[in-house]
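Participant: curious how this folds, go ahead:
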Amino acid sequence: MKLSQIGGEQRNNYVSYVENRWAQLQERIVGRAEAAWKYLMLTNSGSAVAVLSFMGAYKTITPIPHAHWMLVAFLLGLVLVGLGHATAYYRATWLFSGWRMDISKFYADELEWGEVLARDNDRSSYFILADVIAWLSFACFFAGLGFGVYDLTTL
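Facilitator: Residues are numbered from 1 along each chain as shown. Here you go, the predicted model:
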């Protein structure tokens, strides 16, 4: 049913749903953006400190044989976390953009309410890429940990 054909309480319910969904999607975008900025600041500064500390300590202690591979694994894991944040942000932005476009069409009587919901449901399906990136980052952490445990057991 198109918006112009809906009246009274049902129209108010649809408009209320639209406003709530809009706020939910907007909140996801803002939340992802804030998390990404915090992550970037924390990981970049933390990584810089870790690398500089490692370089300074490397001259004064017996080098750990696979230290460079540990560092590579941890840094790759951090890069993947950043990629995961970016992926989540752009996914939320894409969801919101699609919702906004469909609501504009609904208000212009170009889409019926059922179509708006069906299209939103189609867009909101399971998104495996974010999970793959998260698990790859976790695997990098364990790879770096594995190098460290191996080196400690062979010293």
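Participant: any stretches of this protein with poor pLDDT?
Facilitator: Low-confidence segments of the chain (pLDDT under 70): 37, 41, 43-52, 54-55, 58-64, 155.
Participant: report the central residue of it.
Facilitator: For the chain, Ala88 is the residue whose C-alpha lies nearest the centre (Cα atoms, centre = their mean; 2.7 Å).
Participant: tell me the SS of that one?
Facilitator: Under DSSP: H, G, I helix; E, B strand; the rest coil, Ala88 falls in the helix class.
Participant: hang on, it packs against Gly31?
Facilitator: No: the pair Ala88 / Gly31 is not scored as a contact, 9.3 Å apart, by Cβ atoms under 8 Å. From N, CA and C alone the C-beta is placed, and that goes for glycine too.
Participant: in the helix or strand that contains Ala130, what's buried?
Facilitator: For Ala130, the host element (DSSP states H and E) is helix 128-154. Across helix 128-154, burial judged by 16 or more other Cβ atoms under 10 Å covers Ile133, Ala134, Leu136, Ser137, Cys140, Phe141, Ala143, Gly144, Phe147, Gly148, Asp151.
Participant: want to try JSON lines for those, with distance to Gly8 as columns?
Facilitator: Output for these, formatted as JSON lines (distance: Cβ to Cβ, whole Å):
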{"residue": "Ile133", "distance to Gly8": "47"}
{"residue": "Ala134", "distance to Gly8": "46"}
{"residue": "Leu136", "distance to Gly8": "52"}
{"residue": "Ser137", "distance to Gly8": "51"}
{"residue": "Cys140", "distance to Gly8": "57"}
{"residue": "Phe141", "distance to Gly8": "56"}
{"residue": "Ala143", "distance to Gly8": "61"}
{"residue": "Gly144", "distance to Gly8": "62"}
{"residue": "Phe147", "distance to Gly8": "67"}
{"residue": "Gly148", "distance to Gly8": "67"}
{"residue": "Asp151", "distance to Gly8": "72"}
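Participant: just those residues now: which is nearest Ser16?
Facilitator: Closest approach to Ser16 among those (Cβ to Cβ): Ala134, at 34.5 Å.
Participant: ok, how many other residues are close to the spatially closest residue to the closest one that is not a sequence neighbour?
Facilitator: Spatial nearest neighbour of Ala134, excluding adjacent residues (Cβ to Cβ, 6 or more residues apart in numbering): Gly84 at 5.5 Å. As a burial measure, Gly84 scores 21 neighbours (other Cβ atoms under 10 Å).
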